[in-house]
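For reference, the sequence and a predicted model appear below.
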Amino acid sequence: MSGELPSKSDLNLLVSVNGQILAASEAVFSLRSFVEPLIPDLVHAAEATDVFLNGRRYTVQRQILWQAPGVALGILFTLQQPATKPLIDPRLGEMALTLSSKLDIDHVLENVVRFAMDLLDADAGALPVYDPDRERLLPGHLVNLPVDLVAPAKGSRRGLMWDIIDQGMSLLIPNYAAHPMALPDLVRIGVRSLLATPIIDGSTPLGILALYRMRDEPFQERDRDLLQAIARQTAIALQSARMYQRAIRNADERYTLYQASVEIGATLDREQLYQAIHHAVNRLIPHTGVAIALLNDQQMVEYVYLVTPSGRQPAQQWPLTHGVAGYVLRFGVSLRLSGAQTLPEPALQPAPEIEGDLCQRSLLATPLVVGDRIIGALLAWNDQLDAYTMADLSALEMLAATVAVALHNALRFAQIQSLAMTDTLTELHNRRHFLYILQHEVDRARRYHTPVSVAMVDIDHFKQVNDTYGHLAGDQILREVAQRCRQHLRDVDILARYGGEEFGVILPETPYEAALLAAERLCRTVMATPFVIDGQFLKLTLSIGVATFHPVSHPDPSSLIADADRALYLAKRRGRNRVCGAQELSTYAEP
């Protein structure tokens, strides 16, 4: 750089490496509102690029300023207006001002087609837009043409329009009907002459500007020059509009991801977390289904959250070799699939019960990674083909980074919570959780006048087992008794290790007589099959006391447990291997 200070008429802008404006020359102030939305793209642009600001074309030169070797201070942008050339038609100036008045792509497309038709006296016009992400030509904007005549073109890249895109050259056909590649539908509606030119930004095709005449007055070579001039200005306007819309989308996306991180990070409850994740996906990308899959302890893919158009589906487990989620978990890659695109065989066995027919839909999938470990996958799909772009996949990947940490924390919290409620030896509820649930059941019984019973269970002569065979054998007995009792109780019943060799059972919605029958069933179950200790068969029995909640007799859960305990010791005094109920206490109680 020279040591001269810039004059007031110079257009200079100093921007930090992260896109913040640090300083600007006075002459830039009037253009600042037009420049600011384009800065994120200009920071990463080539050395020189063209932009369209307030109806004028500028070439933007960029120069990195270094604070120290390898340490960038910022980027200096210099805006220069290229030497003006006389316009082929003065109305092109009017068109340029109109295009720059709104940074909206639909506005640009509509005005370009109508201006071009007016300037070149065309009867119909079209501006198909090139979509590089999906490799197709979209209809864009049509005037005086049936919409179904210009459907999205993709795949084979054959036809006049694809030739214009691939060769980057304009096309003039004076006698359209006689051309070997003429579309019969266009001939049928009366197209006599075609003039078309590519819209190119640098070397990147943006679309095609095509004009049609329905009368015997074909386009001339001089018309080609004018259409190319229109296309050059259209390229600048389209690129400026796309840069602006990309900036708006990025801002919206960042805000959505911020909101998602707040919502997702606000809960450790897994069900609430799944709902928050689904809500975030709703705001980021269009979809007809979403799935959250986790790798469980059995190394299976567990779809813990699965929503299809028919609603929430039950959780499912699949081997790692099945489905897109399994593929993502094994290889740690993100996927963007559409239609016939499939994963390599035999790396994937489809799971149509989860993903449907991949040949008929679009799908996004990305791994959930914590540190260097893949814990799951996040999937979204759409029943339309070519529904997703790389920008959609990038948005899902950014969301997945937040989701992975939140899910990891929720799973760890659930494990810790489970340890706090579980007896590690028998894997039953512990005494603390038993008392917590009993309080809840007693409150419910008091409120709704429903029965609830408690059974206190003790293994007879258990001390002799420990003394004879050792504590390891005693632990084995405790685990087996717990397992047998669990198998003969209802899902709603709560079995807990109350302490030592004593177990507690909560029987919701169970009156006194039914509770006695359930306790008798447990006694028979344990006594029926001998236990095997060091190759020896050992028969064990249970003593059980039963009590049923009564709002007057039992002001709190501890009084209900006390009655069941007294009934238990009555069973032991009567000879063990039996069930006694609290209603027997008044007859047989001893002072």
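Yep, that arrived.

contacting residues around stretch 161-180?
Residues outside stretch 161-180 that contact it (C-beta atoms under 8 Å, 6 or more residues apart in numbering) are 128, 130, 137, 153, 157, 160, 182, 186-187, 191-198, 200, 205, 208, 210, 212, 218-219, 221, 223-224, 227-228. To be clear about C-beta, it is placed using only N, CA and C from the backbone, and glycine gets the same treatment.

What's the ChimeraX syntax to select whichever of the residues you listed are buried?
Buried members of these, defined by 16 or more other C-beta atoms under 10 Å, are picked up in ChimeraX with:
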select :128,130,137,153,160,182,186,191,192,193,194,195,196,197,198,200,205,208,210,212,218,219,223,224,227
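
Just the contacts of stretch 161-180: which are in strands?
Among the contacts of stretch 161-180, DSSP state E puts 128, 130, 137, 153, 193-198, 200, 205, 208, 210, 212 in strands.

Which of the residues you listed scores worst on pLDDT?
Here the lowest pLDDT out of the ones in strands among the contacts of stretch 161-180 sits on Ala153, with 49.

one step back: out of the ones in strands among the contacts of stretch 161-180, which one sits closest to Thr321?
Proximity of the ones in strands among the contacts of stretch 161-180 to Thr321 (C-beta to C-beta) peaks at Ala153, which lies at 37.8 Å.

The strand or helix carrying Tyr305: which residues count as buried?
Counting by DSSP states H and E, the element that carries Tyr305 is strand 301-308. Buried residues in strand 301-308, defined by neighbour count with 16+ other C-beta under 10 Å: 301-307.

how distant is it from the center of its chain?
Taking C-alpha atoms, centre = their mean, to the nearest Å, one finds the center of strand 301-308 at 12 Å from the center of the full chain.

partners of it in the sheet?
Paired with strand 301-308 in the same sheet, following DSSP bridges, are strand 289-295 (antiparallel), strand 311-312 (antiparallel), strand 316-318 (antiparallel).

Make a markdown table out of the ones you listed and add distance to Tyr498 and mean neighbour count.
Listed next are the strands paired with strand 301-308 as a markdown table, based on distance: least, C-beta to C-beta, whole Å; neighbours: other C-beta atoms under 10 Å:
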| stretch | distance to Tyr498 | mean neighbour count |
| --- | --- | --- |
| strand 289-295 | 34 | 23 |
| strand 311-312 | 37 | 9 |
| strand 316-318 | 34 | 16 |
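
want to throw these into CSV with distance to Lys572 and mean pLDDT?
Output for the strands paired with strand 301-308, formatted as CSV (distance: least, C-beta to C-beta, whole Å; pLDDT from 0 to 100):
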stretch, distance to Lys572, mean pLDDT
strand 289-295, 47, 93
strand 311-312, 50, 89
strand 316-318, 45, 89
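
Now do the domain split for this protein, please.
12-80, 91-245, 265-416, 431-588 (automatic domain parsing).

Tabulate those (TSV), appending distance to Thr422.
Output for the domains of the chain, formatted as TSV (distance: least, C-beta to C-beta, whole Å):
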stretch	distance to Thr422
domain 12-80	49
domain 91-245	50
domain 265-416	10
domain 431-588	8
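
quick one, which of those domains is nearest to Ala251?
Nearest of the domains of the chain to Ala251, taken as C-beta to C-beta: domain 12-80 at 9.1 Å.

First-to-last residue distance for the closest one?
Distance between the two ends of domain 12-80: 9 Å, counting by C-alpha to C-alpha, to the nearest Å.

cool, stretch 360-380 as well?
End-to-end distance of stretch 360-380: 14 Å, with C-alpha to C-alpha as the criterion.

And it, what's buried?
In terms of neighbour count (16+ other C-beta under 10 Å), stretch 360-380 has its buried residues at 361-369, 374-380.

quick one: which of those sit in strands?
Counted as lying in strands by DSSP E, out of the buried residues of stretch 360-380, are 362-369, 374-380.

in the stretch 351-500 of the chain, which spans are strands?
Counting by DSSP state E, counting those that start in this stretch, the stretch 351-500 of the chain has strands at residues 362-370, 373-382, 452-459, 494-499.

Which strands border the longest one, and is each parallel or antiparallel?
So that's strand 373-382. Here, using DSSP bridges, strand 373-382 pairs with strand 289-295 (antiparallel), strand 362-370 (antiparallel).

Present those strands as TSV; the columns should include distance to Asp269.
Shown next, in TSV, are those (distance: least, C-beta to C-beta, whole Å):
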stretch	distance to Asp269
strand 289-295	14
strand 362-370	18
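
Of those, which is nearest Leu65?
Judging the strands paired with strand 373-382 by C-beta to C-beta, what sits closest to Leu65 is strand 362-370, at 37.0 Å.

Extract the CA atoms of that closest one and return them as PDB.
These are the backbone C-alpha positions of strand 362-370, laid out as PDB (Å, rounded to 0.1, in the frame of the first residue of the first chain):
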ATOM      1  CA  SER A 362     -35.500 -37.600  -0.200                       C
ATOM      2  CA  LEU A 363     -33.600 -38.200   3.000                       C
ATOM      3  CA  LEU A 364     -31.000 -36.500   5.300                       C
ATOM      4  CA  ALA A 365     -29.100 -38.300   8.000                       C
ATOM      5  CA  THR A 366     -26.200 -37.100  10.200                       C
ATOM      6  CA  PRO A 367     -24.300 -38.800  13.100                       C
ATOM      7  CA  LEU A 368     -24.600 -37.600  16.700                       C
ATOM      8  CA  VAL A 369     -21.000 -37.300  18.000                       C
ATOM      9  CA  VAL A 370     -19.700 -36.600  21.500                       C
END
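
re the thing from before, out of the buried residues of strand 301-308, who's nearest Ile75?
Using C-beta to C-beta, the buried residues of strand 301-308 come closest to Ile75 at Tyr305, 44.2 Å.

For that closest one, list each beta-bridge partner.
Assessed by DSSP bridges, Tyr305 has beta-bridge partners Ile292.

ok, now which ones touch it?
For Tyr305, the contact set (C-beta under 8 Å, 6+ apart) comprises 274, 277-278, 290-292, 312, 315.
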